[in-house]
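Trainee: Sequence first, predicted coordinates after that:
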Amino acid sequence: MSRRLLSCCLWCGREIVESEAGRRRRYCRQSCRQRAYEHRNSLKGTGIPADSVVLSAQEAADLADRWFAARCAAEDVATAIGEGAETEELKALSAILLTLTREAERLR
């Protein structure tokens, strides 16, 4: 049975791997599906659109921290290129940047 990669969980942002058969999954785990359901129900009657993303102050701060770390890593790559860094150093810095940006794209 072959496997395919669906972009990411609609709740937590993790990558979803699933089989070819059946409907595509929207959530990586049942707990993410449940949190999304609870979120949708908590917005009923508030005037906030159902597709809105509501983050706690801590979640927003964590997201900002992840993006700051990714920006700093990008600046490190740019500085290394400007200083004529070796290929191996650039590969290592790029790997760090890629890891940080993947982490930063998670909302929760």
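Mentor: Right, received. Where do you want to start?
Trainee: residue boundaries of the helices in the chain?
Mentor: 30-42, 57-82, 87-104 (DSSP state H).
Trainee: Just put the ones you listed in CSV and tack on distance to residue 12, mean neighbour count and mean pLDDT.
Mentor: Where C-beta positions appear, they are placed from N, C-alpha and C, glycine not excepted. Below are those laid out as CSV (distance: least, CB to CB, whole Å; neighbours: other CB atoms under 10 Å; pLDDT from 0 to 100):
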stretch, distance to residue 12, mean neighbour count, mean pLDDT
helix 30-42, 5, 13, 89
helix 57-82, 11, 13, 95
helix 87-104, 12, 14, 94
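Trainee: Now tabulate the ones you listed in CSV and tack on distance to residue 14.
Mentor: Shown next, in CSV, are those (distance: least, CB to CB, whole Å):
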stretch, distance to residue 14
helix 30-42, 8
helix 57-82, 14
helix 87-104, 10
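Trainee: For residue 15, which of these is the nearest?
Mentor: Shortest distance between residue 15 and these, using CB to CB, is found for helix 87-104: 8.9 Å.
Trainee: among the helices of the chain, which is nearest residue 23?
Mentor: Among the helices of the chain, helix 30-42 sits nearest to residue 23 (CB to CB), with 13.1 Å.
Trainee: And for the closest one, what's in contact with it?
Mentor: For helix 30-42, contacts defined as CB atoms under 8 Å, 6 or more residues apart in numbering pick out 9-12, 14, 26-27, 50, 54.
Trainee: Over to stretch 99-108?
Mentor: With CB under 8 Å, 6+ apart, stretch 99-108 has contacts from 8, 11-14, 53, 55, 59, 63, 66-67, 69-70, 73.
Trainee: from the residues you listed, which two are the most distant?
Mentor: Across these, the longest distance by CB to CB is 26.0 Å; it joins 11 and 73.
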